[in-house]
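# quick one: sequence and predicted model below, then my questions.
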Amino acid sequence: MDKTAIPSPSLSHTHRLADWLRPAPALSLSPLRTFGFSLSIGTGFAEAVCSSRKSFPIPPPRHPTLHSTPTHTTSFLLLLHPPHHLPLPHQETLCRRRCLCRPRSMSDRRRKGKEKAVQRQGKDRALKRATDPHPPEEVTAQLVFEPHRPFCAPLQQRPGDIPILHFNLGAPQFLDEYIRIITSTLTRARNIAPALLLNKPITPMGNPCNNPKPYSKEHWKNLGNSHYIIETRYTQVVNGKVVKYYDGLKVRILFCDYNGYQIAFSRYLNKKWSVWYYCSEHFPIPFFLRQGAIKLEGVGGDYTHRPRIGGWQTFHSIFMEFGHYPEKQSIDDLNEQFLASAVVLCEARRIVWIFQEVKERIRLDEAPRHLDCKLPGKERTVDVVWTEIGDWGSDCGVALEAARVGEYKATTEERGYAGRRRPVVKKFSDLIAADEDSGHLCLLMRDESIAVPKGGWLETKLINDGLDLGAKVADPGFPDDVDPKLTEGTDSDSDDDMPE
C-alpha cells in the first residue's frame, strides 16, 4: 500500500488538526472539487471547518471502499468557505458555488424568486407568441399609481362641495363652447384619477366619507362616489347687455365620477329650483340631494331606445325638455332627450370617436339623425356604434389588464355587448393611445381587482385609514370655468336655493 498521504490545503486557521495521518486508499477528488469541496483522507477523526472557523466532529463514513482494514479510519475535511490565504486555484474552484455557511436572507430569497418567476413568465410568453397563430401583442405602457395622486374620490358632504361647470347654449362659437365643456371634465378627471394609462385618466375609488354619518368602512366602494354638475343656460350679449332667454331658465345635470353616468337633473324656473329627478336606484344620487327627489319611471336604461343626435339643435332640445318637466308630461320625449344628453355629455368623454363625431355634426349644424360614424379611419355602422357604447366598461377592463400583465390578446371572435357583434380590436393602440385623437378610450373606469387587489396594502389602507385620509381629499373643481354671476350680474338663484 502506498505510504504517501494525499496532500491537503493549509489548515493553519483551524483550532484543531490531526497531527498524524495513516495510509489511506487512493480516491479521486475531482468530482468533489466540482461541487466546491476539498477532501482529505486520513485516520483518526474528521473535522468540518466553516467560515466561522469553528470545528466539530463528523462520524466516519460507512462506505465500504473507504475501509481497507477494520482498524482503518477515514477523516473528511469539508471546506465550505475557503480562507483568504488559500492558493488561488482552490479559491477559484471553491468560490464558483454559493457558500452554504452564509445563507441568504428571506427578503433576498424572495427577491430572487420573483426575478426568476418574471423570467419564466417572459420565456413562457415568448414561446406562446412563437407558436400562437394569433400571438399576443407586447404592451409596454405602465400602469403606475403615483404617490402624489389622490387615493380616493374628492370629499363631498353637502351641495356646495359638488363642482359646477357652466355651459352656455347661446355662446357665439358653440362648437368651441362644447369642446371646452368636454375638455374641462376630462381635465378634472385627470386631476382626481389615482393613476393614468397613456395619459388617459382612471376613475377614482370611493371616498368612505362621502356617506351619511356614522361612516361605514364596508361600503366605501359602492357609496363613496363623487359627482359633478353641468349647468346649462341660454344667454347672449346684445348691444353690450346680457340677455337671459326663456325667463332665465337653467338646467343642472348631475354626473357620477366613477362611471361617467348621467344620473339626475334639476331645473331653475321662476326663481326657484325644482327637486332632483333621477332614473336609477343602482347608482343613487348623493345622500344630501335625496330629500324630495323623484324617480323617473321609463327613463334612462341601456339604450334600448336609440336617440338621434344632431348639432346645436340636439342640445337645445335637451335644454327645453329638461327645463319644462314636469309641466310637459311626455315620458317618451323626456326619455329621448335624456338618452341624447347621455350621448353628447357622457359617451363623448368616454369614447374618442363619439366626441369627434358630435363635433363634426355641430360644425355642419346637422339635424338629429341616427348615430353612426363616417369619419375617415373611424367608420362605424349604427349597430356597431351601440355595441361599442355598451362595451365601454369591458373595454376598460381589457386595457387595464393588458397593462398589468404586459400583453394584449385580441379576441378572435366578433362579439360584443349583449351578444351583439362588433369588429375585432386587433391592436392595443387601437384600444387606447396617448394621443387624444387616437385610440378608442378617453376615460377608463376603475377596476378594483386591479387597482385595489383583495388583501393588498391599498385595500387595507382604505379600510383602516380611509376615514382619516378621505377627509383630506379636496375637489379640484373647474378652475378655468367662469361663474356667469360674475359677468352677467347677480340674481336670486344662489346655490343655497338648490334642492337638498
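Okay, I see it. Just so you know, these numbers come straight off a predicted model, no measurement behind them.
# show me what contacts residue 341?
Going by CB atoms under 8 Å, 6 or more residues apart in numbering, residue 341 touches 253, 262, 318, 322. Glycine gets a C-beta too; all of them are placed from N, C-alpha and C.
# what's the answer for residue 370, then?
Residue 370 touches 306, 308, 382, counting by CB under 8 Å, 6+ apart.
# right, and residue 202 touches residue 444 too?
Yes - contact between residue 202 and residue 444 holds when scored by CB atoms under 8 Å: they sit 4.6 Å apart.
# joint contacts of the two?
Common neighbours of residue 202 and residue 444, counting by CB under 8 Å, 6+ apart, are residue 400.
# neighbours of residue 442, just the number please.
As a burial measure, residue 442 scores 24 neighbours (other CB atoms under 10 Å).
# give me the phi and psi for it.
phi -100, psi -30 (degrees, to the nearest 10).
# please report phi then psi for residue 229.
phi -130, psi 140.
# going forward, count from 32.
Sure thing, new numbering starts at 32, so read that last one as residue 260.
# leaving out chain neighbours, which residue sits closest to it?
Closest residue to residue 260 apart from its sequence neighbours, by CB to CB, 6 or more residues apart in numbering: residue 195 at 4.6 Å.
# now that neighbour: how far from residue 273?
19 Å (CB to CB, to the nearest Å).
# of those two, who's got more company?
Set residue 195 next to residue 273 and count neighbours by other CB under 10 Å: residue 195 wins out with 18 against 13.
# of all the contacts of residue 401, which comes closest to residue 154?
Lowest distance from residue 154 to the contacts of residue 401 (CB to CB) belongs to residue 413, with 45.8 Å.
# pull the residues that contact stretch 376-390.
206, 209-210, 212-213, 216-217, 220, 261, 284, 286, 291-293, 340, 374-375, 402, 404, 406, 409, 411, 419-420, 423, 467-474.
# tell me the helix or strand right after the helix or strand hosting residue 460.
Using DSSP states H and E, residue 460 maps to helix 459-462. Following helix 459-462 in sequence order, the next helix or strand is helix 479-482 (DSSP H and E).
# what is that next one packed up against?
On a contact count with 3 or more CB pairs under 8 Å, 6 or more residues apart in numbering; DSSP states H and E, helix 479-482 meets helix 423-436.
# helices or strands up against the helix it packs on?
strand 227-228, helix 459-462, helix 479-482.
# quick one, helices of the stretch 82-231 of the chain?
For the stretch 82-231 of the chain, applying DSSP state H, counting those that start in this stretch gives helices covering 119-125, 137-162, 205-223.
# of those, which shows the lowest average pLDDT?
Per-segment mean pLDDT for the helices of the stretch 82-231 of the chain reaches its minimum on helix 119-125, at a mean of 48.
# which residues of this structure score low on pLDDT?
32-137, 153, 156-165, 246-253, 442-455, 482-490, 492-494, 496-498, 516-531 (pLDDT under 70).
# care to break it down by domain?
32-132, 190-528 (automatic domain parsing).
# and residue 238, what element?
Using DSSP H and E, no helix or strand contains residue 238.
# quick check: it touching residue 184?
Yes - using CB under 8 Å, residue 238 is in contact with residue 184, at 4.3 Å.
# mutual contacts of these two, please.
Joint contacts of residue 238 and residue 184 (CB under 8 Å, 6+ apart) are 255-257, 504.
# wait, which of those is closest to residue 432?
Looking across those and measuring by CB to CB, the closest to residue 432 is residue 256, at 22.5 Å.
# the closest one: what's it in contact with?
Taking CB under 8 Å, 6+ apart, we find residue 256 in contact with 184, 237-238, 241, 287-289, 314.
# inside strands: which ones of the residues you listed?
residue 287 (DSSP state E).
# I'd like the contacts of residue 256 laid out as JSON lines, including distance to residue 511.
Shown next, in JSON lines, are those (distance: CB to CB, whole Å):
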{"residue": "184", "distance to residue 511": "21"}
{"residue": "237", "distance to residue 511": "27"}
{"residue": "238", "distance to residue 511": "24"}
{"residue": "241", "distance to residue 511": "25"}
{"residue": "287", "distance to residue 511": "22"}
{"residue": "288", "distance to residue 511": "18"}
{"residue": "289", "distance to residue 511": "24"}
{"residue": "314", "distance to residue 511": "28"}
